[in-house]
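A.B. asks: sequence and predicted structure below; questions after.
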Amino acid sequence: MLFGKRDLRESFERQAEKVFPAVLGTALRLTRSREDAEDLAQEAIVRAYDAYDRFDGTNFKAWMLRIVTNLYINRYRQRQRGPLLGSLEEEGAIEPVSCESELPDRLLFDNAVGAEIEDALAKVPEDFRMAVILSDIEGLSYQEIADATNVPIGTVRSRLARGRSILRRALETYAIKEGYLKQGADE
């Protein structure tokens with residue numbers, strides 16, 4: 001029995017290592033905070049490890065992103081219900097770190113997606129943004145997104161269409177401003 005648990009742990013670790021960049025990237029896009037994203041991703045890994053014996057084996061990445069999404073939604077609901085509590089000692093705490101633009105994950109993140117796209121994506125309302133992230137960035141199917149967000153497939157399609165439309169308009173404005181696209185070019 002002990003051998004079986006070790007195999008289970010090793011199997012989980014191999015799969016978690018492969019999907020962790022997607023888990024952290026999704027958490028970053030949802031929270032828009034590096035610290036919150038790291039906490040969310042870490043909690044998702046712990047929860048997944050605890051529940052791995054119940055994983056059906058079909059799509060580990062989708063299963064992990066569902067856990068991340070559900071944790072994010074639960075945290076959001078908690079923040080809406082209760083007052084924000086913090087420590088007075090934490091208020092003035094300064095942690096020595098490099099500036100955000102020099103962080104390795106930030107350099108990779110900015111180069112891979114582009115700051116203007118991230119800025120436009122951040123302006124998309126949360127439900128629509130989540131659908132766009134899970135579909136267009138993480139590559140989940142409509143059914144996987146529906147399962148991850150606990151909404152019908154029709155709602156996923158609607159949110160995805162509206163999110164993409166908002167994103168397209170925001171990026172069109174940017175493209176015109178930067179001279180990549182001439183105003184009235186579509187007309």
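C.D. replies: Structure's in. What do you need?
A.B. asks: drop to CA atoms for contacts and neighbour counts, all remaining ones
C.D. replies: Will do.
A.B. asks: may I ask you to name the longest helix in this structure?
C.D. replies: Ranked by residue count and defined by DSSP state H, the top helix of the chain is helix 2-31.
A.B. asks: next SSE downstream of it?
C.D. replies: Next helix or strand after helix 2-31 toward the C-terminus (DSSP states H and E): helix 34-51.
A.B. asks: for the longest helix of the chain, packing partners?
C.D. replies: Helices and strands touching helix 2-31, by 3 or more C-alpha pairs under 8 Å, 6 or more residues apart in numbering; DSSP states H and E, are helix 34-51, helix 60-81, helix 126-132.
A.B. asks: so which of those helices is nearest R169?
C.D. replies: Closest of the helices and strands packed on helix 2-31 to R169 is helix 126-132, at 13.9 Å (criterion: C-alpha to C-alpha).
A.B. asks: roughly how far is the closest one from the heart of the chain?
C.D. replies: Averaging C-alpha positions (C-alpha atoms, centre = their mean, to the nearest Å) puts helix 126-132 10 Å from its chain's average.
A.B. asks: ok, stretch 158-165 next?
C.D. replies: On C-alpha atoms, centre = their mean, the centre of stretch 158-165 falls 17 Å from the chain's centre.
A.B. asks: need the contact partners of it.
C.D. replies: Residues from elsewhere that reach stretch 158-165 (C-alpha atoms under 8 Å, 6 or more residues apart in numbering): V124, P125, D127, F128, R129, A131, V132, S135.
A.B. asks: switch the cut-off to 6 Å
C.D. replies: The contact list for stretch 158-165 (C-alpha atoms under 6 Å, 6 or more residues apart in numbering) reads F128, R129, A131, V132.
A.B. asks: residues in contact with the first one?
C.D. replies: In other words, F128. Each residue near F128 by C-alpha under 6 Å, 6+ apart is listed here: R159, L160, G163.
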